[in-house]
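Trainee: Quick one: sequence plus predicted model below, questions after.
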Amino acid sequence: MLPASLRRIGAIAVKELRQMSRDRLTLGMVIGIPLMQMLIFGFGINNDVRHVHAGVVDLANTQASRTLIADIGASQVIDFVVRPTGIEALRKLVVSGQIQAGLYIPPDFERRRLDATRPVAQVIVDGTHPGVDIAVRAIATAPLPVRSGQLQRQQPAFEVLTEFNPERRTAVQVVPALIGVILNMTMVIFTAIALVRERERGNLELLIMTPVRSSELMVGKLLPYVAVGLIQTTIVLLTAILVFDVPVVGSLLELYLGAGLFIAATLGLGLVISTLATTQFQAMQLGFFTMLPSILLSGFAFPYEGMPRAVQYLAQGLPLTHFVEILRGVILRGATLANLWQPVAKLSVFLLVAMALAAARFRKRLD
Amino acid sequence: MSGEELAIEARGLTRRFGSLVAVNGIELHIPRGRIYGFLGPNGSGKSTTIRMLCGLIKPSGGTIRVLGLDIPQQSELLRRRVGYMTQRFSLWEDLSARENLNFMASIYTLEPRHATQRIEAAVREYRLQEFLDRPAGTLSGGQKQRLALAAATLHEPQLLLLDEPTSAVDPQSRRDFWESLFALTAAGTTILVSTHYMDEAERCHGLAILDQGNVVASGAPAQLMHDLPLEVVEIEAADTSAVRVALRGLASLRSLAQLGLRLHALLAPRATRAATSVGAGVAPPATDGVEQVRALLAKAGVSATVRRAAASLEDVFVGATLPPERDPH
Ligand SMILES: Nc1ncnc2c1ncn2[C@@H]1O[C@H](COP(=O)(O)OP(=O)(O)O)[C@@H](O)[C@H]1O
Ligand SMILES: [Mg+2]
């Protein structure tokens, strides 16, 4: 026969699974939320600027100037949709918002090509669209396409190679981290609510009168949600591969191990919240309260390196920060958990602290 | 009575919620193997007291011993030996009756074969067969209560704490429920039950009447009724409001309560009057109080039948909860 403690943990876990399987809404949320968020975030957060409407004024109209226009157009970042007659007309179109960029090739284009001190052409960009500004500037500062001249001096001094994501697709950068964001959202709230609901419905008064220990109750409550989290990981991962064409370079086993650790850590956070909240509404609020900093500071949305020191320390306290590192490492760079021992260690510490805090705060009492 | 014979012993038990004193320094001596009742209106502190006795909330003051254990320090040791039925149905409404019982058996880690036997016995004893596979949330008040009692007694507790178990239950189910309680005490279980029904309180072996956090009277129900220091005068009249008007000037009147066509007047005894002992079955003799009431009614021209009556538990309750210096009208 199993030790008493394991039997009680099992009883709690089975009960929790039974209740979950009867609750259509929760069941729908297990599958629906990750799928929906994946699609919304995956398609919505997109820094790939393509097909910027632009105008071109070519007063040189030489072989080289036509090649330049064709090469820029071929990048698909810029679509030349109008050909106004002069620079004034080009400016007006930008001001009115009909186009967001303009290329002006002066009549002395050929002479300027031979003169290293003077720019060959002018690019006008609408600075009110940050993405557009960056994209168009990138084109303007690039060396002239090779075909448009045999000018050795304008060859770039160094070659830029983007590793792991050569096409620099946002989906590849965003989607792996999104797995963490989605798990973070659902896991914290699921657990927080699972305990608070029992308090609200009065089940807890009965439960704490039984011989079940606080730690058994915590673990029994947590286990079914680890399973739920792994199911969600699978759904999100499949969407990433099938819909967003994200390559998984590293080992799937390591990915799931990392996910399991992160899920347990966020569930621990959910349990801590459940010991603070007295109603399901409060639990939800606290859950959301922890979610926003996670999304903003984990490096998912903004680069961690760009944050002020104090904010970086705060970000270190969020489990998502470390999981995003693990996800990008394993999925995109093919890293192993051993390579990623630092974020793994930090997540483990977070898990232990959260569980200890939850078990210490959860008294088998009503007051 | 030695400490070991007492199931529950509390001294100076107090609980404050902020400035509210929910339980005010009460003393309890509850013997084993009996049904002991807490009788009191809503808010009198019954639930708070029961929760302190089982270690669910901490007392603000006083000491508690339950089944020889110090509470709340040794609450965990108590868990296996007590069964608790909360005032509100607290099994899982989205689980079936059977699943709830199985869960409780596992949580108490009953040995599987023993658990099956206990559950089968409970199903027979508390007639659970008909709704065993229905979600507990869909059961009627009486069915929920039977299920809750079955769940609370699966592990054969020595002490059963029942917080208003019959408040959502029809009269027939209440009678059946009390039969079950007597069967449990016959098997040696001590039961503490709170109620606001007089008829239920009267069935208890011992009783504490609670009012605003104080034990205002305690003892066996028959003894309490016998010892009531007030005189009960029963007045039967067609025009009860005329009776009320006529008795307005009666200085010794403590309370006047209507029971159908009858009125129960509680009169304070005159200090000089010797206590009259009332033998069982013997009609109580006419007393000063009866004479006073008759005289007042005659003077007011109200026709009524007036007689001395034996105190009911309700009279005890009313008498015990009277404010000390109350003007009757
Ligand atoms: N957790 C609590 N917080 C504040 N006041 C409480 C709490 N529990 C009970 N009370 C108050 O204590 C008093 C006694 O309540 P309770 O023991 O539930 O009475 P009963 O069970 O006899 O109806 C009431 O006035 C109630 O409002
Ligand atoms: Mg109560």
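Mentor: The structure has been received and is ready for your questions. Ligands and ions are numbered 1, 2, ... in the order given.

Trainee: going forward, measure contacts between C-alpha atoms and count neighbours the same way
Mentor: Fine.

Trainee: Next one: residue A:103 relative to residue A:50, how far apart?
Mentor: Distance of residue A:103 to residue A:50, computed by Cα to Cα, to the nearest Å: 16 Å.

Trainee: For burial, what's the neighbour tally of residue B:268?
Mentor: Burial of residue B:268 is recorded as 17 neighbouring residues (other Cα atoms under 10 Å in any protein chain shown).

Trainee: right, I mislabeled it, should have said residue A:234
Mentor: 15.

Trainee: element containing it?
Mentor: Assigned by DSSP states H and E, residue A:234 belongs to helix A:214-242.

Trainee: what does residue A:55 give?
Mentor: Using DSSP H and E, residue A:55 maps to strand A:52-58.

Trainee: residues in contact with that strand?
Mentor: Outside strand A:52-58, the residues that touch it by Cα atoms under 8 Å, 6 or more residues apart in numbering or on different chains are A:65, A:77-87, A:90, A:98-107, A:132.

Trainee: Show the buried residues in the residues you listed.
Mentor: A:65, A:77-80, A:82, A:84, A:87, A:90, A:99-106, A:132 (16 or more other Cα atoms under 10 Å in any protein chain shown).

Trainee: got the contact list for residue 201?
Mentor: Just so you know, I chose chain A. So residue A:201 contacts residue B:90 (Cα under 8 Å, 6+ apart).

Trainee: oops, chain B please
Mentor: Applying Cα under 8 Å, 6+ apart, the residues contacting residue B:201 are B:37, B:38, B:39, B:195, B:207, B:221.

Trainee: Mind checking which of the residues you listed land in strands?
Mentor: Taking DSSP state E, the ones among the contacts of residue B:201 that sit in strands are B:37, B:38, B:39, B:195, B:207.

Trainee: Neighbours of the last one, how many?
Mentor: By that I understand residue B:207. With other Cα under 10 Å as criterion, residue B:207 counts 25.

Trainee: Might one say that it is in contact with residue B:39?
Mentor: Yes - the pair residue B:207 and residue B:39 passes the contact test of Cα atoms under 8 Å, sitting 7.1 Å apart.

Trainee: Give me the below-cutoff pLDDT ranges for the stretch 151-300 of chain A.
Mentor: A:151-170 (pLDDT under 70).

Trainee: do the stretch 1-150 of chain B as well
Mentor: Using pLDDT under 70, the stretch 1-150 of chain B drops low at B:1-4.

Trainee: how about the strands in it?
Mentor: In the stretch 1-150 of chain B, the strands defined using DSSP state E, counting those that start in this stretch lie at B:6-17, B:20-31, B:35-39, B:61-66, B:69-71, B:82-85.

Trainee: which secondary structure elements does the second one contact?
Mentor: It stands for strand B:20-31. Contacts defined by 3 or more Cα pairs under 8 Å, 6 or more residues apart in numbering or on different chains; DSSP states H and E place strand B:20-31 against strand B:6-17, helix B:46-53, strand B:214-219.

Trainee: From the contact counts, what lies against the first one?
Mentor: Right, strand B:6-17. Using 3+ Cα pairs under 8 Å, 6+ apart, strand B:6-17 is in contact with strand B:20-31, strand B:61-66.

Trainee: who's in contact with the last one?
Mentor: Counting by Cα under 8 Å, 6+ apart, strand B:61-66 makes contact with B:7-15, B:25, B:53-54, B:70-72, B:78, all of which sit outside it.

Trainee: Stretch B:30-44 too?
Mentor: The contact list for stretch B:30-44 (Cα under 8 Å, 6+ apart) reads B:5-9, B:22-23, B:46, B:182, B:185-186, B:188-198, B:201, B:204-214.

Trainee: quick one: contacts for the residue in the stretch 201-350 of chain A positioned nearest to ligand 1?
Mentor: Using Cα to the nearest ligand atom, the single residue of the stretch 201-350 of chain A nearest to ligand 1 is residue A:278, 11.8 Å away. Neighbouring residues of residue A:278 by Cα under 8 Å, 6+ apart: A:196, A:199, A:200.

Trainee: What values do phi and psi take at the second one?
Mentor: Right, residue A:199. In terms of degrees, to the nearest 10, the main-chain angles of residue A:199 are phi -70, psi -50.

Trainee: Hmm, residue A:205 and it touching each other?
Mentor: Yes - counting by Cα under 8 Å, residue A:199 touches residue A:205, with 7.3 Å between them.

Trainee: Strands of the stretch 101-250 of chain A, start to end?
Mentor: Using DSSP E, counting those that start in this stretch, strands in the stretch 101-250 of chain A cover A:101-105, A:122-125.

Trainee: Among these, which one carries the weakest average confidence?
Mentor: Ranked on mean pLDDT, the bottom entry among those is strand A:122-125, at a mean of 81.

Trainee: is stretch B:76-88 anywhere near chain A?
Mentor: Yes - residues of stretch B:76-88 contacting chain A under Cα under 8 Å from any Cα of the partner chain: B:76, B:79, B:80, B:84, B:85, B:86, B:88.

Trainee: Just the residues contacting that stretch, thanks.
Mentor: A:202, A:205-206, A:209-211, B:47, B:54, B:66-67, B:69, B:108, B:148-149, B:152-153, B:155-165.

Trainee: and the residues you listed near ligand 1, which?
Mentor: Under the cut-off given by Cα under 6 Å from any ligand atom, ligand 1 has residue B:47 from the contacts of stretch B:76-88 close to it.

Trainee: List only those of the contacts of stretch B:76-88 flagged as buried.
Mentor: Counted by 16+ other Cα under 10 Å, those give A:202, A:205-206, A:209-211, B:47, B:54, B:66-67, B:69, B:108, B:148-149, B:152-153, B:155, B:157-165 as buried.

Trainee: Restricted to helices, list these.
Mentor: A:205, A:206, B:47, B:148, B:149, B:152, B:153 (DSSP state H).

Trainee: among the ones in strands among the contacts of residue B:201, who's most crowded?
Mentor: That'd be residue B:37 among those, by other Cα under 10 Å, with 30 neighbours.

Trainee: hmm, back to that, between the helices and strands packed on strand B:6-17, which gets nearest to residue A:5?
Mentor: strand B:61-66 (25.4 Å; Cα to Cα).

Trainee: Return the alpha-carbon coordinates of the closest one using CSV.
Mentor: Only the C-alpha atoms of strand B:61-66 are listed here, as CSV (Å, rounded to 0.1, in the frame of the first residue of the first chain):
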residue,chain,number,x,y,z
GLY,B,61,-8.4,34.0,25.4
GLY,B,62,-9.1,30.9,27.5
THR,B,63,-8.1,27.3,27.4
ILE,B,64,-9.5,24.3,25.5
ARG,B,65,-9.1,20.6,26.0
VAL,B,66,-10.8,18.2,23.5
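
Trainee: quick one: strands adjacent to it?
Mentor: Using DSSP bridges, the strands paired with strand B:61-66 in its sheet are strand B:6-17 (antiparallel), strand B:69-71 (antiparallel).

Trainee: What are the structural domain limits within chain A?
Mentor: A:52-163, A:170-361 (automatic domain parsing).
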